[in-house]
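Engineer: Have a look; sequence and predicted model below, questions after that.
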Amino acid sequence: MSSVPAAEAIRLLDGKSTDLSAVMTIMNGAFSERYGEAWTRSQCAGILPMAGVSLVLAQDNGHEQPVGFSLFRTVADEAELLLLAVAPDHQHRGVGRLLLEQFVERARGLGASRVHLEVRDGNPAVQMYRRAGFKPVGRRPNYYRGSDGRQYDAITLAHAL
C-alpha cells in the first residue's frame with residue numbers, strides 16, 4: 001500500500017506570500033532545470049501582490065507541507081494558469097487534476113469566459129490539459145531556455161467556459 005494519499009485526501013487552500021518557500025520546494029522538485037520552466041522566487045514574489053492573482057496550495061491532510069500548487073490570474077473575462085506543480089512523490093495521483101479543476105471553477109466564478117495557459121511542447125502535463133478540454137491555439141517558438149542553452153517551444157492552450 002502506498003504512503004501517498006489518493007486525491008480524495010487532498011484539500012485545497014488559498015496560499016499567500018508566506019508560503020513561497022513551500023512553493024519553491026515543490027517547483028524545484030517538479031520542474032527539471034533542463035527545460036527552463038521554473039520561475040524564480042523573486043518572480044513569484046513579484047506577481048503575488050498583483051490584482052487578480054491567486055495562489056492555491058494542495059495539502060495532504062496528513063502532512064503540514066503542501067504537495068502541489070497553482071498560481072493564476074484573472075483579468076476581465078479571461079483567466080491564465082501561470083504555474084501548476086505537484087511534488088514528484090505525489091504526481092500521477094490526481095493532485096494536478098484537482099488543482100486544474102479548481103482553477104477552472106474559480107475562473108468561472110469570477111466571470112471568466114475563457115481560460116488559457118502555456119506549457120512546454122513535450123511536457124507530459126499536456127495530456128492532462130487536453131483531457132480537461134484545453135485545445136492548442138498558438139505556439140511561441142523558443143520560449144523556454146534550458147540549463148544547457150537548448151530552446152523549447154511553448155504551446156498555448158485555451159478552454160472556453
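Structural biologist: Perfect, I can see it now.

Engineer: tell me the contacts of residue 85?
Structural biologist: Residues touching residue 85, when contacts are defined by CB atoms under 8 Å, 6 or more residues apart in numbering, comprise 26-27, 30-31, 68-69. (C-beta placed from N, C-alpha, C; glycine too.)

Engineer: should've said residue 57
Structural biologist: Applying CB under 8 Å, 6+ apart to residue 57 gives the contacts 12-15, 19, 22-23, 66, 68-69.

Engineer: rerun at 6 Å
Structural biologist: Under the criterion of CB atoms under 6 Å, 6 or more residues apart in numbering, the contact partners of residue 57 comprise 13, 15, 66, 69.

Engineer: Now, of these, which are buried?
Structural biologist: 15, 66, 69 (16 or more other CB atoms under 10 Å).

Engineer: Considering these, which is situated nearest to residue 90?
Structural biologist: residue 66 (9.7 Å; CB to CB).

Engineer: biggest helix in the protein, by residue count?
Structural biologist: The helix that spans the most residues within the chain, counting by DSSP state H, is helix 95-109.
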